[in-house]
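Novice: Here is my input; please provide its structure:
(one chain, ligands or ions: 1)
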Amino acid sequence: MEEETIFSQIIDKKKPAEIIFEDEEVIAFKDINPQAPVHVLIVPRKPIPKLTDADESDTAILGKMVMVARQIAKDFGLDEDGFRLLLNEGKNGGQTIYHLHFHLLGGRRLMWPPG
Ligand code: AMP
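Specialist: Presented below is the predicted three-dimensional model:
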């Protein structure tokens, strides 16, 4: 299950990233190819490839990721106009990096439904 991804390399500080939050469980950094004025990735240090690979023992970390996203949204001033928090899963979801992560997108009006 454990595969070396670019996110593992960022977590291990083998690759650079614009890190905006980190603690012992979660790291958040700016997306290298931003799709909105604010585009932050929220990533658990634990290399869970996909949401469907998570189990009961990951409940707290998943909750923590949402709360980290909440705080970053507030820090970037997104709480007034809103934002989107999303997870791409697998082929149909458009996942490209198989280390679980949330995207936090904000700073402009986002379209719905997605393409
Ligand atoms: P996903 O398609 O949901 O797996 O999202 C992967 C995201 O990681 C994409 O939005 C990429 O732009 C982003 N990404 C890829 N490599 C890096 C990197 N080295 N630093 C920051 N973001 C990256």
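Novice: drop to CA atoms for contacts and neighbour counts, all remaining ones
Specialist: Fine.
Novice: in the longest strand along the chain, what counts as buried?
Specialist: Ordering each strand of the chain by length in residues (DSSP state E) puts strand 38-44 first. By neighbour count on 16 or more other CA atoms under 10 Å, the buried set for strand 38-44 is 38-44.
Novice: Stretch 21-30 now?
Specialist: 22, 26-30.
Novice: from those residues, which is closest to the ligand?
Specialist: Using CA to the nearest ligand atom, residue 30 comes nearest to the ligand of these, at 5.9 Å.
Novice: shouldn't the closest one be in contact with residue 43?
Specialist: No: look at residue 30 against residue 43 with CA atoms under 8 Å: they stay out of range, at 11.1 Å.
Novice: tally of neighbours for residue 94?
Specialist: 10 (other CA atoms under 10 Å).
Novice: Show the secondary-structure elements that the longest strand of the chain is packed against.
Specialist: If you count contacts as 3 or more CA pairs under 8 Å, 6 or more residues apart in numbering; DSSP states H and E, strand 38-44 packs onto strand 26-30, helix 59-75, strand 102-106.
Novice: Name the residues of this structure found near the ligand, please.
Specialist: When proximity is defined by CA under 6 Å from any ligand atom, the chain lies next to the ligand at 17, 30-33, 88, 94-97.
Novice: Quick one: buried ones out of these?
Specialist: 17, 30-31, 88.
Novice: pLDDT for those residues - can I get that in JSON lines?
Specialist: Below are these laid out as JSON lines (pLDDT from 0 to 100):
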{"residue": "17", "pLDDT": "98"}
{"residue": "30", "pLDDT": "98"}
{"residue": "31", "pLDDT": "98"}
{"residue": "88", "pLDDT": "98"}
